[in-house]
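Engineer: Got a sequence here, can you build the structure:
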Amino acid sequence: MGQTTLWYLVSYDIRDPKRWRKAYRILRGYGHSLQYSLFRCRLGPADLERLRWELERVLEAEDDLLFIGLCSGCVARISARNREGVWEEEEKKFRLV
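Structural biologist: Residues are numbered from 1 along each chain as shown. Here you go, the predicted structure:
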């Protein structure tokens with residue numbers, strides 16, 4: 001049986017440019033950038049915990065990180081301008097660990 005996946009908005013405010021680049025590279029492996037400090041990711045419980053662990057290794061106490069879980073109803077109500085299809089289901093891509 002497969003894991004249940006949910007959409008997450010991941011937002012961050014990282015004060016140091018080196019840490020910002022490291023966090024950006026990590027998040028790129030899990031989702032897609034919507035804006036400079038905002039990613040959308042479709043994650044199962046294990047992926048979510050792995051992502052949190054990877055980011056915690058990079059971030060410092062002064063940095064901020066926010067995960068917002070979105071139910072399918074929330075995703076259906078998202079209104080994105082000039083970005084058609086940004087929340088549509090994509091082909092499954094495999095990530096090597």
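
Engineer: for the chain, where's the lowest mean pLDDT among helices and strands?
Structural biologist: When each helix and strand of the chain is scored by mean pLDDT, DSSP states H and E, helix 72-76 comes last, with a mean of 81.

Engineer: Is the closest residue in space to residue 58 that isn't next to it in sequence within a helix or a strand, and which one?
Structural biologist: Closest residue to residue 58 apart from its sequence neighbours, by C-beta to C-beta, 6 or more residues apart in numbering: residue 22 at 4.6 Å. C-beta: built from backbone N, CA, C; applies to glycine. Taking DSSP states H and E as the definition, residue 22 sits inside helix 17-28.

Engineer: List the buried residues for whichever helix or strand comes after that helix?
Structural biologist: Using DSSP H and E, the next helix or strand after helix 17-28 towards the C-terminus is strand 31-35. Of the residues in strand 31-35, 31, 34 count as buried by neighbour count, 16 or more other C-beta atoms under 10 Å.

Engineer: Now do the helix or strand just after strand 31-35 against helix 17-28, angle only.
Structural biologist: Proceeding N to C from strand 31-35, the next assigned helix or strand is strand 38-43, under DSSP H and E. Orientation check (axes from the mean of the first three to the mean of the last three C-alpha atoms, to 10 degrees): strand 38-43 against helix 17-28 gives 40 degrees.

Engineer: chain center to whatever helix or strand comes next after strand 38-43, what's the gap?
Structural biologist: Past strand 38-43, further along toward the C-terminus, the next helix or strand under DSSP H and E is helix 45-58. Relative to the centre of its chain, helix 45-58 is centred 10 Å away, using C-alpha atoms, centre = their mean, to the nearest Å.

Engineer: and helix 45-58, which residues are buried?
Structural biologist: 47, 48, 51, 54, 55, 58.

Engineer: what's the closest of these to residue 11?
Structural biologist: Nearest to residue 11 among the buried residues of helix 45-58: residue 55, at 11.9 Å, using C-beta to C-beta.

Engineer: I'd like to know which elements the helix holding residue 22 is packed against.
Structural biologist: If you count contacts as 3 or more C-beta pairs under 8 Å, 6 or more residues apart in numbering; DSSP states H and E, helix 17-28 packs onto strand 6-13, helix 45-58.

Engineer: I'm done for today, thanks for sticking with me.
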